[in-house]
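Trainee: A predicted structure for the sequence below; I have some questions about it.
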Amino acid sequence: MNTTEAFKKIMMEQTEIALATSVKERPNVRIVNFFYDQEKGCLFFSTFKGNQKVTEFAANNIVAFTTIPKENTNHVRVQQAQVKRSSLSVYDTVDRWVEKIPSYAENIEQAGDMLELYEVHFTEAIVILGMNSKETIHL
């Protein structure tokens, strides 16, 4: 499997990222669920309207993230990404959420009106496959 194929596999299988923001030289990291849309070339996550993340995005829309592996150390890191509120809603993407994280249907059912959908756009990713393989790919 080449690095680009490994990137796609990781982005389809892993369900969480550690999302990092920075405002006024103060970094902040949190765990969020996500799905990757290969056709649109971006990652999607949802968050509650008006929370601290949303305020931080308005102050600085440059973010970084790493996927969180479940079984091994394979993961994807992105250092220069842009986050923006999506024109889609969680309801528009419910099938994608449920396909990847079946339990997310309950989140959308209970809190969908309180959630906003965000997109993370990036053109470069670092793919780490074990201890001895680290390669940057351009998307």
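Mentor: Thanks, I have it. Residues are numbered from 1 along each chain as shown.

Trainee: what residues does whichever strand in the chain runs longest touch?
Mentor: For the chain, the strand with the greatest residue count under DSSP state E is strand 75-85. Strand 75-85 is touched from outside by 7, 10-11, 14, 57, 61-69, 116-122, 124-128, with contacts defined as CB atoms under 8 Å, 6 or more residues apart in numbering. Placement of C-beta: from N, CA and C, glycine included.

Trainee: in stretch 91-108, what's buried?
Mentor: Applying a neighbour-count criterion of 16 or more other CB atoms under 10 Å, the buried positions in stretch 91-108 are 93, 96, 97, 100, 104, 108.

Trainee: tabulate those (a markdown table), appending pLDDT and distance to residue 34.
Mentor: What follows is the buried residues of stretch 91-108, written out as a markdown table (pLDDT from 0 to 100; distance: CB to CB, whole Å):
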| residue | pLDDT | distance to residue 34 |
| --- | --- | --- |
| 93 | 97 | 11 |
| 96 | 96 | 10 |
| 97 | 97 | 10 |
| 100 | 96 | 8 |
| 104 | 94 | 11 |
| 108 | 95 | 14 |
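
Trainee: can you pick out the most distant pair from the residues you listed?
Mentor: Largest separation among the buried residues of stretch 91-108 by CB to CB: 100 and 108, giving 12.6 Å.

Trainee: strands of this protein, start to end?
Mentor: With DSSP E, the ranges of strands along the chain come out as 16-23, 26-33, 35-37, 42-48, 62-67, 75-85, 115-121, 124-128, 134-138.

Trainee: redo these as TSV? Include mean pLDDT, mean neighbour count and distance to residue 3.
Mentor: Formatted as TSV, the entries for these read as follows, by pLDDT from 0 to 100; neighbours: other CB atoms under 10 Å; distance: least, CB to CB, whole Å:
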stretch	mean pLDDT	mean neighbour count	distance to residue 3
strand 16-23	97	19	19
strand 26-33	96	12	25
strand 35-37	98	18	16
strand 42-48	97	20	18
strand 62-67	98	21	14
strand 75-85	97	17	10
strand 115-121	97	19	20
strand 124-128	97	19	5
strand 134-138	95	12	5
